[in-house]
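J.: Could you look at this predicted model? Sequence included:
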Amino acid sequence: MKRSEINNLMRSAQEFLVAHQFYLPPFAAWTPAHWQALGPEASELIESQLGWDITDFGSDDFDKCGLLLFTLRNGRSTSLPHFQGKTYAEKVMIIEVAQVTPLHFHWQKTEDIINRGGGNLVVQLYHATPDDELAAEEITFNMDGITRQVSAGGTVILTPGESITLPPRLYHAFWGEGRRVLVGEVFKLNDDRTDNRFHQPIGRFPKIVEDEPPLHLLTVDYSNFFQPKSKP
């Protein structure tokens, strides 16, 4: 993806979120210079990978195969064994009409995917076989406290206000229908760098062509741009 495309997507996302009265935290608007001036007080942002996450999954066609996310909160893996600190996390996503997030499951994460407004969200489901292929059996799942079933590869439509719970090792793909969709995600803390298993081998994070300076940093930029300064 070109950096100019990423910058334009950030601008468009901010306008869309404000129009839906969903406001991002202040660090969403920080410039690279602001990041570089920070010290250890920003360590949670870096370690928990909070912030902008925009990817085309290596497709070179974001409109057809891509996803824009912003991670609002996430814990550290050290919190889980003792159930202390942040064992929870939250994201907001913007999903375009017919823009596919490819089939994948999570090794550890249980998540609720919530349609917060706009169009419909279409979710396709498969169980994973022991060797991580697509199983043929029916899926039983929970949707807003109600148990439902769908055949393997079937789709569930989430209208605004509806949500679905996705446990580990349940393959899912999703895309927007009708209009651009504002989607929430509430989940057990996780690390996107290690917790995704895509059915087809693809890239989770984009390869970026730096045709202009970053407007705001992506989480994948932190190691290049953020160099915390020690406090005296």
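T.: All right, it came through fine.
J.: What segments of the chain are helices?
T.: Using DSSP state H, the helices found in the chain span residues 3-19, 32-36, 43-47, 222-225.
J.: Mind checking these for the one nearest to residue 157?
T.: helix 3-19 (21.1 Å; Cβ to Cβ). The C-beta positions use only the backbone N, C-alpha and C, and glycine is treated the same way.
J.: hey, C-alpha coordinates of the closest one in CSV?
T.: Taking C-alpha atoms only, helix 3-19 is exported to CSV below (Å, rounded to 0.1, in the frame of the first residue of the first chain):
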residue,chain,number,x,y,z
ARG,A,3,1.6,5.8,2.4
SER,A,4,-0.6,8.4,0.6
GLU,A,5,-3.4,5.8,0.4
ILE,A,6,-3.1,5.0,4.1
ASN,A,7,-3.1,8.7,5.0
ASN,A,8,-6.3,9.3,2.9
LEU,A,9,-8.0,6.3,4.6
MET,A,10,-7.2,7.7,8.0
ARG,A,11,-8.7,11.1,7.1
SER,A,12,-11.8,9.4,5.7
ALA,A,13,-12.1,7.1,8.8
GLN,A,14,-12.0,10.1,11.2
GLU,A,15,-14.8,11.8,9.3
PHE,A,16,-16.9,8.7,9.3
LEU,A,17,-16.4,8.0,13.0
VAL,A,18,-17.3,11.6,14.0
ALA,A,19,-20.4,11.4,11.8
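J.: Tell me the gap between that helix and the middle of its chain.
T.: 15 Å (Cα atoms, centre = their mean, to the nearest Å).
J.: got the buried residues for it?
T.: 3, 5, 6, 7, 9, 10, 13, 14, 16, 17 (16 or more other Cβ atoms under 10 Å).
J.: Next: stretch 176-188.
T.: Neighbour count says stretch 176-188 has 176, 177, 180, 181, 182, 183, 184, 185, 186, 187, 188 buried, by 16+ other Cβ under 10 Å.
J.: Just give me the closest of those residues to residue 130.
T.: residue 188 (22.7 Å).
J.: closest one to residue 59 among the helices of the chain?
T.: helix 3-19 (12.8 Å).
J.: What helices and strands are in contact with the closest one?
T.: Counting contacts by 3 or more Cβ pairs under 8 Å, 6 or more residues apart in numbering; DSSP states H and E, helix 3-19 is packed against strand 51-55, strand 67-73, strand 88-95, strand 170-188.
J.: ok, now with 10 Å
T.: strand 51-55, strand 67-73, strand 88-95, strand 111-127, strand 170-188 (3 or more Cβ pairs under 10 Å, 6 or more residues apart in numbering; DSSP states H and E).
J.: and the residue nearest the centre of the chain, what are its bridge partners?
T.: The centroid of the chain falls nearest to residue 69 when counting by Cα atoms, centre = their mean (4.5 Å). Residue 69 forms beta bridges with residue 53, residue 93, as assigned by DSSP bridges.
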